[in-house]
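Q: Fold the following, please.
(one chain, ligands or ions: 1)
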Amino acid sequence: MGGGLITIERHIIDQQKLHPGARGIFSNLLYDIALAAKIIARETMRAGLADILGRAGTVNVHGEHQQKLDVFAQETMVAINNHTGRLAVMASEEADGIIPIPREYGCGPYVLIFDPLDGSSNIAVNVSIGTIFAVYRKVSPGECGAEEDCLQPGSDLAAAGYVIYGSSTMLVYTAGHGVHGFTLDPSLGEFLLSHPDIRIPEEPRYYSVNQGYESRWSEGVRRYVKWLQGMDADEPRKPLSARYIGSLVADFHRNLLEGGIFLYPSDAKNPNGKIRLTYEAIPMAYIAEQAGGYASDGRRPILDIRPEALHQRTPLFIGNRDLVEKAEEFIRRYDS
Ligand code: P6P
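A: Okay, here's the model as predicted:
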């Protein structure tokens, strides 16, 4: 293979050398996730062609209509990962409770929590969507995992990442040694290293929020967004451009590469916000912090929050550290 081409497998093996005593199970788990991503990417790209668009007729735990691609992504993530002997338990946005490992396959030391296809309401309009995943070490005493393994704080993560199915398919992950991006070369069927050591740019360009909900925001959030727009007379600043596509992975990915902040605050209708803590906010927070950014629920670091329920929601402010800390300041000043 050409000298410059680094596949995700080669990168994971190189990264493994940073973990003395690593037994390769973790590396193989990341490679399994990459395989699932390729399978989901293939169907996502064909969604407009195959009879896979539209509703599957079922609804998920949140009463949201499951689109067929949702169901396919969920089934792919489970099928690729439940028999490898690497996992003790799984959890997913698309499953009410934990997803146990079938006894005949045996359990391993890791825990995989994921949102198989976030932003799926965008499928029908061809907007980028994504898979988000978090990997922990098993902490429960039994041979196989339990719900407590899926309720660990982000500060205990072993790895986190996402796949974005857009104009190209990219897999972005961190295992605690920086954030690395890989682009799928469909002709090779390989993810190739395209964005080594991603760092969020010092100078932010964008802010991402659903402006349509402004009337429901708190005083602090309303004033903060005015500040982002350069309309706070007391603290003038260069206005940021508004970019909001309604797909967390797409909005986050753009702000990670270009600099900016994504915020989904709590509001009168969603007192705990909309974004889910375990399989959306926590993995994205780990990636943000590994890239030099920060993530908060408006008052404290996302990575410090110990989840109490698989599907609990959280307000989310994520991106450049100074922008997120400024949000915390406005909320402290006007909402306490
Ligand atoms: P709203 C998609 O349903 C999602 O969970 C995230 O991907 C996205 O950021 C958010 O909801 C969009 O929510 O209320 O602005 O449409």
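
Q: A41 and T131: what is the separation?
A: Per C-beta to C-beta, to the nearest Å, A41 is found 9 Å from T131. To be clear about C-beta, it is placed using only N, CA and C from the backbone, and glycine gets the same treatment.

Q: got any residues that touch both of the two?
A: V163, Y165 (C-beta atoms under 8 Å, 6 or more residues apart in numbering).

Q: between the two, who's got more neighbours?
A: Comparing A41 with T131 by other C-beta atoms under 10 Å, the one with more neighbours is T131, at 27 against 21.

Q: now F317: how far from the ligand?
A: Using C-beta to the nearest ligand atom, to the nearest Å, F317 is found at 13 Å from the ligand.

Q: cool, A88 as well?
A: From A88 over to the ligand the distance is 27 Å, taken as C-beta to the nearest ligand atom.

Q: Pull the number of nearby residues for that residue.
A: By other C-beta under 10 Å, the burial measure for A88, its neighbour count, is 26.

Q: looking at it, it is touching G108, isn't it?
A: Yes. The criterion here is C-beta atoms under 8 Å, and A88 meets it with G108 at 6.2 Å.

Q: For A309, see how far away the closest residue to the ligand within the stretch 1-150 of the chain is.
A: Closest contact between the stretch 1-150 of the chain and the ligand, by C-beta to the nearest ligand atom, is at G119 (3.8 Å). Per C-beta to C-beta, G119 is found 22 Å from A309.

Q: now the most centrally placed residue in the chain, what's its secondary structure?
A: Centroid-nearest residue in the chain: I132, 3.9 Å away (criterion: C-alpha atoms, centre = their mean). When classified by DSSP: H, G, I helix; E, B strand; the rest coil, I132 comes out as strand.

Q: who's it bridged to?
A: Taking DSSP bridges, one obtains D115, Y162 as the residues bridged to I132.

Q: Contacts only, for it.
A: By C-beta under 8 Å, 6+ apart, the neighbours of I132 are F114, D115, D118, G161, Y162, L248, V249, Y279, E280, P283, M284.

Q: ok, so of these, who is nearest the ligand?
A: Nearest to the ligand, judged by C-beta to the nearest ligand atom, of the contacts of I132 is L248 at 3.4 Å.

Q: Which residue, neighbours along the chain excluded, lies closest to the closest one?
A: D118 (5.5 Å; C-beta to C-beta, 6 or more residues apart in numbering).

Q: Counting neighbours, what do you get for the one you found?
A: Quick note: D118 (other C-beta under 10 Å) scores 27 neighbours.

Q: Surely it touches E94?
A: No. If you go by C-beta under 8 Å, D118 and E94 don't touch, sitting 10.6 Å apart.

Q: Comparing G119 and A309, which shows the higher neighbour count?
A: Neighbours were counted for G119 and for A309 using other C-beta under 10 Å; G119 has more, 21 against 12.

Q: From Y165, how far off is the closest residue to that one other than its chain neighbours?
A: Nearest residue to G119, sequence neighbours excluded (C-beta to C-beta, 6+ apart): S247, at 3.3 Å. Computed with C-beta to C-beta, the distance linking S247 and Y165 is 10 Å.

Q: Please identify which of the two sits among more neighbours.
A: Legend: neighbour count by other C-beta under 10 Å for S247 and Y165, higher for Y165 (28 against 22).

Q: thinking again about what came up before, list residues touching both of D118 and E94?
A: Counting by C-beta under 8 Å, 6+ apart, nothing touches both D118 and E94.

Q: so is Y279 in a helix, a strand, or just coil?
A: Applying three-state DSSP: Y279 is helix.

Q: Let me see the contact set for the residue lying closest to it once chain neighbours are set aside.
A: Among residues not flanking Y279 along the chain, D115 sits closest, at 4.4 Å (C-beta to C-beta, 6+ apart). By C-beta under 8 Å, 6+ apart, the contact list for D115 reads S92, E93, T131, I132, F133, R276, Y279, E280.

Q: same thing but 6 Å
A: By C-beta atoms under 6 Å, 6 or more residues apart in numbering, the contact list for D115 reads E93, I132, Y279, E280.

Q: out of those residues, who's nearest L257?
A: I132 (16.8 Å; C-beta to C-beta).

Q: Could you measure from that closest one over to V111?
A: I132 sits 15 Å away from V111, going by C-beta to C-beta.

Q: Equivalent analysis for G24, please.
A: 18 Å.

Q: ok, these two, which is more surrounded?
A: Taking other C-beta under 10 Å, G24 and V111 do not tie; V111 has more neighbours (26 against 12).

Q: who in this structure is up against the ligand?
A: D118, G119, S121, N210, G246, S247, L248, D251, K274 (C-beta under 6 Å from any ligand atom).

Q: What is the most widely separated pair among those residues?
A: Of all pairs drawn from those, the greatest distance, 15.3 Å, lies between D118 and N210 (C-beta to C-beta).
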